[in-house]
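# Would you be able to build a 3D model of this:
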Amino acid sequence: MDERARVVKLDRLLTPPSSWILDYAGSHPPDNPDTPDNFTLPLCYLRKLDPAGTPVYYWRRLDDEWDIVHGQHGRRVQVNFSYTPLDLARDPVPAHPGGHGSISPPKDWPQWHEFVRQVVFHLIDRYGAAALDFQYSFGNENNFSIFWSGTKDEFYETYDYTVNAVLTAFEDRGLDASRVQVGGIEAPSLGGVGWIRDALYHASGAADRPGGGIAEQNFVCADPRLEGKRAARLSSLCATWNGKGSPLDFVSIHEYEHASRAAADLTRIRDDALAMDPAFYDRLLVGSFEATPDWVPRPDPASERMYEGNGFFPAWCADWAHRLVERAATDPRYARHEAVLTVWPFDYNGDGIASVTGLIRVDEDGDGDEDRIATIRKAVFNYLELLARMNRDLEALPSREIEGIRFGGLRSPAPHVHRILLHAHDPYDTESSEEVEFTASLALENVPWPAVTVRRWRVDRDHSSPYHAYQALPERGSSGLYSPVEVAPLESADELVEDGPPRDLDAQGGGLALSVPVRVNGVTFIEVRERDLDGDGIGDTGDNCAAVPNPGQEDADADGRGAACDCLDADGQVWELPGEVQGLALRKQAGGETLLDWSWLAGQAGPGTVHDVASGSLSELRSSGGFGGASCLVSGAGEPPVADPGPDPPPGEGRYFLVRGRNACGAGSYGAGSVGQRAVLACP
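Numbers count the residues shown, from 1 in each chain. Below is the predicted model of the structure:
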């Protein structure tokens, strides 16, 4: 090849094609998700592309990772386009020496458009309609030169083509593209608010950036090569705003800041969006898809301590969440956001990396080789588990600041339980060195249940945290090995543990007063639940079988008594075998009639319950010592009283009466007499 003369000379191959050995047994190593493809061992791989330049896609790595996220765990995938494939990049230089794509814009816009479509087609074909709920974003801190070598307008251009490609892919597969969320921008907190503000101006058809300076037109609207290939949402914007506007459902700013700064950034972005175009951005999601108190540990022990389970990380999360909910209470448009914790996967042997888990290298047999990796839940993991128990109906409790420590809390009500999460956060005590514990007084009003069960969990350096076990672990560096005996205390200390036994309390009148401990840089979680005697998850007042576990609350005859405690669930008139009759009494009417009265068993056993009345003489009872001489006086009586049809006994004689309940479930008992015998009588 002569570069200067621009000549390439090819020598004819002497070996005929029939003798070429391009593949043979063992020539290909097994497929590896870490590489896009594997060449043959002689490093020769012949592929004919027709037409020339036809791209070839390797899906193995994407499938391996996203099958875990969505297929195994049912989680929503966040699909991010950032690096440009090298073959498609204007400057085909890898972003990193170890690989990745290029940080330059694409060199061919229709090809980039088709590349994005093929990725989305693959997701739709693999996951079906579930792909509608994924989020599709473009960008990764492109205002930093290490991530983007193009101009700001080229960033908008790439965004426009990416978004249109995503939406048209769903349209071409016959799915409702109006449900698809597109956006991203993905700016860092350093300069990110301004970068996102400019992107909001570009995406808005109605708003123009003061002073100009950025491309306001949509690049896809102006590209004749995409005529007939524009998504419905984009076409509508182009027509309405004369070629301006771009679909934008969410934006994300990467926060590695104090909780106060992180919350302020999200609020400022929302302020900007609503100020420039309140109609278009009314339902804009503003969130953070990367967030931890610090990006990666510095050579500073105080920074590393944040991630060892000392309570700082959970309290930071809780303080940020509280600030966002507090602001959303004043305007529901500020309630639309998400925050996703970024976790680095390589926190080996307690290095203090920003992660929700730690990895400990274990030598099981003492031979000096690593046999397994022990995964340790850090304290923030336990906090997230508690937060996940709360529902989406969140209320911010009043905040208070004492000597730089900020107190706050969230409350979420549910039909049978109220949950309260309290926190105390000192943003400058990253090592949680303050040995201070406060007591919060909670006054609950309008509690809807007469009796409640209160449970409590705490997450701080002393509760539901492996912090102390980490401190006891010998220092051997990130590559050191530990024995199972050394690691066992750490593995047993990482679980979320309830702080004391549950307490049953009286809440008559709707009032309840609680005293709750909260440690500085810690969270305390309170669960106030309607008492549930049978432990089936349904409170006593709403449980159709309060004494028998039946979480499904099945009730075939719809009589209000669950199948688990209904003696005949096919008959809505009965639900229990009648118990013993109470309150039996005789009273003489003015006209001489004798009435027999008792407590009706319909409420206890069902309205289909009737009663049988037996009677006998006292003299016969004395002589026989039993009730065998009794006769049936009334059979199948409904609601009492009933009249005594027999004559009054003669002087010196007396009569006794026995009453039992009876329904479709069977006959109850006449009861036990003073002689200790239980009457067994047949009453037709």
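# What is the least confident helix or strand in this protein?
strand 94-96 (a mean of 71; mean pLDDT, DSSP states H and E).
# That one pairs with which strands, and in what direction?
In the sheet, strand 94-96 lines up against strand 99-102 (antiparallel) (DSSP bridges).
# Pull out the buried residues from stretch 145-156.
147, 148, 149, 150, 152, 153, 154, 155, 156 (16 or more other C-beta atoms under 10 Å). No exception for glycine: its C-beta is placed from N, CA and C like everyone else's.
# could those residues go into TSV alongside secondary structure, pLDDT and distance to residue 348?
What follows is the buried residues of stretch 145-156, written out as TSV (DSSP: H, G, I helix; E, B strand; the rest coil; pLDDT from 0 to 100; distance: C-beta to C-beta, whole Å):
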residue	secondary structure	pLDDT	distance to residue 348
147	coil	93	27
148	coil	95	32
149	coil	94	34
150	coil	95	37
152	helix	96	39
153	helix	97	43
154	helix	97	40
155	helix	97	36
156	helix	97	41
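# what ranges do the strands span in the stretch 101-250 of the chain?
135-138, 181-188, 250-254 (DSSP state E, counting those that start in this stretch).
# measure residue 371 to residue 352 for me?
24 Å (C-beta to C-beta, to the nearest Å).
# ok, now residue 651?
When residue 651 is compared with residue 352 (using C-beta to C-beta), they lie 100 Å apart.
# Name the residue in those two with the higher neighbour count.
Each of residue 651 and residue 352 has its neighbours counted (other C-beta atoms under 10 Å); residue 352 has more, 20 against 5.
# mind checking how far that one is from residue 490?
15 Å.
# helix, strand or coil for residue 468?
Per DSSP: H, G, I helix; E, B strand; the rest coil, the secondary structure class of residue 468 is helix.
# so what's the most centrally placed residue in the chain scoring on pLDDT?
Geometric centre of the chain, nearest residue: residue 388, 5.0 Å, by C-alpha atoms, centre = their mean. On pLDDT, residue 388 comes in at 93.
# And for residue 331?
pLDDT, read off for residue 331, is 93.
# how close does it get to residue 664?
59 Å.
# Between those two, tell me which one has more neighbours.
residue 664 (15 against 10).
# and the host helix or strand of residue 260, how far from the chain's centre?
Using DSSP states H and E, residue 260 sits within helix 259-276. Averaging C-alpha positions (C-alpha atoms, centre = their mean, to the nearest Å) puts helix 259-276 25 Å from its chain's average.
# Can you check what angle separates it from strand 250-254?
In terms of direction (axes from the mean of the first three to the mean of the last three C-alpha atoms, to 10 degrees), helix 259-276 departs from strand 250-254 by 150 degrees.
# Heading C-terminal from helix 259-276, find the next helix or strand.
strand 285-287.
# by contact count, what packs against that next one?
In terms of contacts (3 or more C-beta pairs under 8 Å, 6 or more residues apart in numbering; DSSP states H and E), strand 285-287 is packed against strand 250-254, helix 259-276.
# And the average pLDDT for the longest one is what?
Helix 259-276 comes out with an average pLDDT of 96.
# outside of it, which residues touch it?
189, 192-193, 196-197, 200-201, 204, 207, 251, 253, 255, 257, 281-282, 284, 286-288, 291, 316-317, 319-320, 323-324, 327, 333-334, 337, 425, 427 (C-beta atoms under 8 Å, 6 or more residues apart in numbering).
# Great, nothing more from me.
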